[in-house]
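J.: Model the structure of this input:
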Amino acid sequence: MSPQRTAESVRLALPKGRMFDEIVSLLKDAGITIRNSERGYRPNISLENYNAKILKPRNVITMLLANARDVGFAGADWLDEMGVELPELLDTGMNPVRLVVAAPHELLKEGDGDLPKRPLVIASEYPNMAKRWVEKKGIDASVLQTHGATEVFPPEDADLIIDNTSTGSTLRANGLKIIDEIMTSSTRLYASAEAMADPYRKEQLEHLTLLLDAVLRARGRVMMDLNVAQEKLDAVLECLPSMRQPSVSPLSEDGWFSVRSAVPRKELALIVPQLKARGACDIVTTSAEQLIP
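T.: Below you'll find the model as predicted:
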């Protein structure tokens, strides 16, 4: 399409289902609101020059491949299942799952800890992925395509399954043991090839990616403020992580400094006692809304 079509809206695809609420929350934290409309699948979006449409996750990919949508969220597992590639703008890290092979304990006993040497049936929502795994392992197996609740198929209707899991608890509750991991997946932001070839739309998508990435960075860090005496400043800075360098400002009291840094949230339990032991005081942490390097 012509790069001169700068007045046309950028077409955003949102996946319905379990990913939708987390994506709406991410957009909201970036200052972008999604509101339901009377047309249901075409919500209103506050981002200028954008229009949004809600689709099934696999249809998001199909529409991006067809250049019918410019940008959309989808799980990396579905691209792998469909055997396609799209320009990836951002890995949100949301909805992390593993694609695994799981089998009932009885089947593993039959095979003396391994898969038995007989024809097997594999149940999966990912038939293409399952067939590639069968070929890679060189086993005799057929694939039964499922449409949800794959874990209930063994042992009566299938010998093992290939499915996604976040904690593995559902598999364990159904008497299944993970015997192999195929891939890890998460919600990603993808673009169509045509949109990335259009200077106007590419620029719009880069702006959107910047906003979302800033929110994701902020979710992983907290802003830490502390005070420290001059003679202990170097010791405190030595163990204080930051995005680039901590900000250091003199206080009104001679010989004292205020220090500010964006600290990884997951390191707080380790860092705070170390800072206190090295002389930091008046330590305060606050949440950041966006962090842009």
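J.: Please make it C-alpha for all contacts and neighbour counts, starting now.
T.: Noted.
J.: Give me the nearest residue to residue 131, chain neighbours excluded.
T.: The shortest distance from residue 131 to any non-neighbouring residue, by CA to CA, 6 or more residues apart in numbering, is to residue 143 (6.8 Å).
J.: same question for the host helix or strand of that neighbour, mean pLDDT?
T.: If you go by DSSP states H and E, residue 143 is part of strand 141-145. The average pLDDT within strand 141-145 is 96.
J.: that older thread, just checking, the residue nearest to residue 131 touches residue 123?
T.: Yes. With contact defined as CA atoms under 8 Å, residue 143 reaches residue 123; the gap is 5.9 Å.
J.: so what sits against both of those two?
T.: Counting by CA atoms under 8 Å, 6 or more residues apart in numbering, residue 143 and residue 123 have no common neighbour.
J.: of the two, who's got more company?
T.: Set side by side, residue 143 and residue 123 show more neighbours around residue 123, with 27 against 22, by other CA atoms under 10 Å.
J.: From residue 179, how far out is that one?
T.: 15 Å (CA to CA, to the nearest Å).
J.: Got the domain ranges for this structure?
T.: Structural domains annotated on the chain: 10-94+186-218, 97-185, 221-287, as defined by automatic domain parsing.
J.: ok now do residue 233, which residues does it touch?
T.: With CA under 8 Å, 6+ apart, residue 233 has these contacts: residue 257.
J.: which SSE is it in?
T.: Per DSSP H and E: residue 233 is located in helix 230-238.
J.: do residue 269 as well
T.: helix 268-277.
J.: now swap in residue 262 and tell me
T.: Following DSSP H and E, one finds residue 262 within strand 256-264.
J.: other SSEs contacting that strand?
T.: For strand 256-264, the packing partners by 3 or more CA pairs under 8 Å, 6 or more residues apart in numbering; DSSP states H and E come out as strand 221-229, helix 230-238, strand 247-250.
J.: what pairs with that strand, and is each one parallel or antiparallel?
T.: Strand 256-264 has these partner strands in its sheet, going by DSSP bridges: strand 221-229 (antiparallel), strand 247-250 (antiparallel).
J.: Present these as a markdown table; the columns should include mean pLDDT, distance to residue 209 and mean neighbour count.
T.: Output for the strands paired with strand 256-264, formatted as a markdown table (pLDDT from 0 to 100; distance: least, CA to CA, whole Å; neighbours: other CA atoms under 10 Å):
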| stretch | mean pLDDT | distance to residue 209 | mean neighbour count |
| --- | --- | --- | --- |
| strand 221-229 | 97 | 19 | 21 |
| strand 247-250 | 97 | 27 | 14 |
